[in-house]
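Visitor: Got a predicted model here, sequence first, then my questions.
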Amino acid sequence: MPTNLASGADYDTVGQRRWMWPGFAIPGVVWLILLFLVPFYAIFAVAMGQLDPVIQRASPEWNPLYWDPTIFAEAFADLLGGQLGVIALRTILYVFVASALCLVIGYPVAYFVARKAGRWRWLWLILILAPFWINYLMRMMSWVNLLSPDGQMNSLLINVFGVVDPPNWLAGNDLVVILGLVYGYIPFFILPLFAALDRIDDATLEAARDLGASSSQTFWRVTWPLSRNGVLGGLVIIMLPMFGDYYTPNLLSGSPRTRMLGNTIDQFFNQTTSQGSLGAALTIILMIFVAGLMVYYLRTINRATQEARR
Amino acid sequence: MSTATRSVSSVLTNAWGKPRYLPLVTALYVLWSLIPVGIAILFSFNAGRSRSVWQGFATRWYVGTPEAAESVLYDQSLRFALAQSLRLALLTMLVATPIGVALAIGLARWRGRGARPSNLLMLIPLVTPEIVMGVALFLVFDNLYDFVPFGTWAQFLGHVTFSISFVVIIVRGRLFAIGRDYEEAAMDLGATPWEAMRRVLLPLLAPALLASFAIVFAISIDDFVISQFLVAGADSVTIPVRLYSGARLAPPPSLNALATILMAVTIGAIVIAGLLFKLLGRRLGGGEGSALETVGRFEI
């Protein structure tokens, strides 16, 4: 590619320049090919492979010409009209309700800390960042503690509110799982939104006020549109892991009544391993669900990079 | 309407004053997000076995006696989990950071045919749900790379894989901020590209490097999904995997103690990196932004 050399041609080290940059990239690229791209392909190879009749173990088919879609087709049929379809709908419902709650709770919080916190802003910032440094499983375990039959929640209900027969919160309660998802993921929604709101120039808002907009008009016609990308970014960031979540419903419910798509996959890999091909097929179905979100997120990161480069 | 209600309602609805319900909502959110964890930490210091009834302060769940074998220090499964998490995080940090820094520099400067696909390959792991990556790695180690044993080795390879892209994003932000002028100047003054890189660019990158070390350590020690998919038996159980498997089985407060230690280690790593970052940034000049902002920025 001689054209690429034009700018570096004045130096007598053209050869060094020519190979240096790809040389830097090579270890990382090779690593990602071997440990990301090939494994990714392995999902398809296993899902479209054969089930070994003797040991009942999935044997992968690496050549796409010999792919056998039987197992995938079964899983897909189950998605359209079977138990898996119910689970998929439940997953969508949980993710959407939880995301909406994150928006309703998270927006005022991000808005306050980014724009109205004043002198104590640094402290508020630390407080909303604190969950980032606390492990997700620890945060869930804390709720398991509070909500367990002999936990603080029920002793509060019994001793303070005189409830005679408090419920068992951790046995298939939809609301508990949804609130668990909100609790787990809301910090990841607030942070990017905070950054977006923080970037809005005060002068823009002052201009709106000077031109006679009321504070609510200023918010709805200036602040909100300017923060829309932050909202969308935050929603995508939390929806992606929510769609693949299995640990939150497992810890907070463990009941088939609250099973999500991730649970069906988890079941094949972390509990039994004999049905790897069905697990792989379910993973492909999950990816179909989140493909749009992934592409949107990818484009957002790319756009941010292009802007930073300029 | 009494004066009290009027003043309350005027405080809440006065469009021209500071909106008062915002600090209220934020305060309630912060309480809600931190109190459950605070209670979990508190009960790791409980003198008794209960995780809901306070029986006095003690450190028995951290450093209790070897005879009882119930503290993090002397309960083998807890101590192993702590060791495994630290081992993995340190190894991952030492391997993923150099690979990621080199990849960031390469991708930022390379204009050849392979640059775009390589860039895309680096970005996709960032947007892939962890469970998909967990399944992918599980299947590839199970079927193709069967020379890699499940457990520490597989976990290490998996952790490096998801960490590399984070390093690239952190370092790249700094690279764009630095620009190419310093390097060009060094080369105009007679340095070879390699010298310019080693003596000009790398020192300028030092703060981003440090941030990368800290972030990789933190995301590795924090990881649950990949570690769980690639676990092999008791000696490769990490702290998050141990918390997950123990949380519903009415565990003793030592599990809370383990979780608290994990939190302290994570915060410690971030604070140390933050302090060094400040120190280096000042000495080098122009170390704008903080590690926090770097993280905040790439999350968009």
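Guide: Received it, and whenever you're ready, just let me know what you need. Numbers count the residues shown, from 1 in each chain, chains lettered A, B, ... in the order given.

Visitor: in the chain, which spans are helices?
Guide: Because you didn't say which chain, this covers chain A. For chain A, the helices defined by DSSP state H occupy A:14-32, A:38-47, A:70-81, A:83-111, A:121-129, A:136-147, A:152-159, A:174-199, A:202-210, A:215-218, A:224-243, A:247-252, A:261-266, A:276-309.

Visitor: um, chain B though
Guide: B:3-13, B:21-43, B:60-63, B:76-109, B:115-127, B:130-143, B:152-178, B:181-188, B:193-196, B:202-222, B:225-229, B:239-246, B:254-284, B:291-298.

Visitor: would you list the ones you listed in a markdown table and tack on distance to B:Arg51, mean neighbour count and mean pLDDT?
Guide: The way it works is simple: take the backbone N, C-alpha and C, and place the C-beta from them, glycine included. Conversion of the helices of chain B to a markdown table gives the following (distance: least, C-beta to C-beta, whole Å; neighbours: other C-beta atoms under 10 Å in any protein chain shown; pLDDT from 0 to 100):
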| stretch | distance to B:Arg51 | mean neighbour count | mean pLDDT |
| --- | --- | --- | --- |
| helix B:3-13 | 39 | 10 | 54 |
| helix B:21-43 | 5 | 18 | 93 |
| helix B:60-63 | 10 | 19 | 88 |
| helix B:76-109 | 15 | 21 | 93 |
| helix B:115-127 | 37 | 18 | 91 |
| helix B:130-143 | 28 | 25 | 93 |
| helix B:152-178 | 29 | 23 | 92 |
| helix B:181-188 | 56 | 14 | 86 |
| helix B:193-196 | 58 | 17 | 83 |
| helix B:202-222 | 23 | 23 | 89 |
| helix B:225-229 | 23 | 26 | 94 |
| helix B:239-246 | 12 | 24 | 92 |
| helix B:254-284 | 7 | 19 | 83 |
| helix B:291-298 | 32 | 19 | 42 |
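
Visitor: closest to A:Ser155 out of those?
Guide: helix B:21-43 (12.3 Å; C-beta to C-beta).

Visitor: Can you give the distance of that closest one from its chain's centre?
Guide: Average the C-alpha atoms of helix B:21-43, do the same for its chain, and the two points are 22 Å apart (C-alpha atoms, centre = their mean, to the nearest Å).

Visitor: That one - contacts with which helices or strands?
Guide: For helix B:21-43, the elements it packs on are helix A:83-111, helix A:121-129, helix A:136-147, helix A:174-199, helix B:254-284, judged by 3 or more C-beta pairs under 8 Å, 6 or more residues apart in numbering or on different chains; DSSP states H and E.

Visitor: ok, residues contacting that helix?
Guide: Among residues not part of helix B:21-43, those counted as contacts by C-beta atoms under 8 Å, 6 or more residues apart in numbering or on different chains are A:105, A:108-109, A:111-113, A:116-117, A:124, A:127-128, A:130-131, A:134, A:138-139, A:141-143, A:145-146, A:152, A:183, A:186-187, B:12, B:50-52, B:54, B:253, B:256, B:259-260, B:263.

Visitor: Report the buried members of these.
Guide: Under a neighbour-count criterion of 16 or more other C-beta atoms under 10 Å in any protein chain shown, the subset of those counted as buried comprises A:105, A:108-109, A:111-113, A:117, A:124, A:127-128, A:130-131, A:134, A:138-139, A:141-143, A:145-146, A:152, A:183, A:186-187, B:51-52, B:253, B:256, B:259-260, B:263.

Visitor: Send me stretch B:75-89 as PDB with only the CA atoms.
Guide: Provided in PDB are the C-alpha atoms of stretch B:75-89 (Å, rounded to 0.1, in the frame of the first residue of the first chain):
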ATOM      1  CA  ASP B  75     -12.000 -22.000  56.500                       C
ATOM      2  CA  GLN B  76     -10.200 -23.500  53.600                       C
ATOM      3  CA  SER B  77     -12.900 -22.900  51.000                       C
ATOM      4  CA  LEU B  78     -13.000 -19.200  51.800                       C
ATOM      5  CA  ARG B  79      -9.200 -18.800  52.000                       C
ATOM      6  CA  PHE B  80      -8.800 -20.700  48.700                       C
ATOM      7  CA  ALA B  81     -11.400 -18.400  47.000                       C
ATOM      8  CA  LEU B  82      -9.600 -15.300  48.200                       C
ATOM      9  CA  ALA B  83      -6.300 -16.700  47.000                       C
ATOM     10  CA  GLN B  84      -7.800 -17.700  43.600                       C
ATOM     11  CA  SER B  85      -9.400 -14.300  43.100                       C
ATOM     12  CA  LEU B  86      -6.100 -12.400  43.900                       C
ATOM     13  CA  ARG B  87      -4.000 -14.800  41.800                       C
ATOM     14  CA  LEU B  88      -6.300 -14.400  38.700                       C
ATOM     15  CA  ALA B  89      -6.600 -10.700  39.000                       C
END
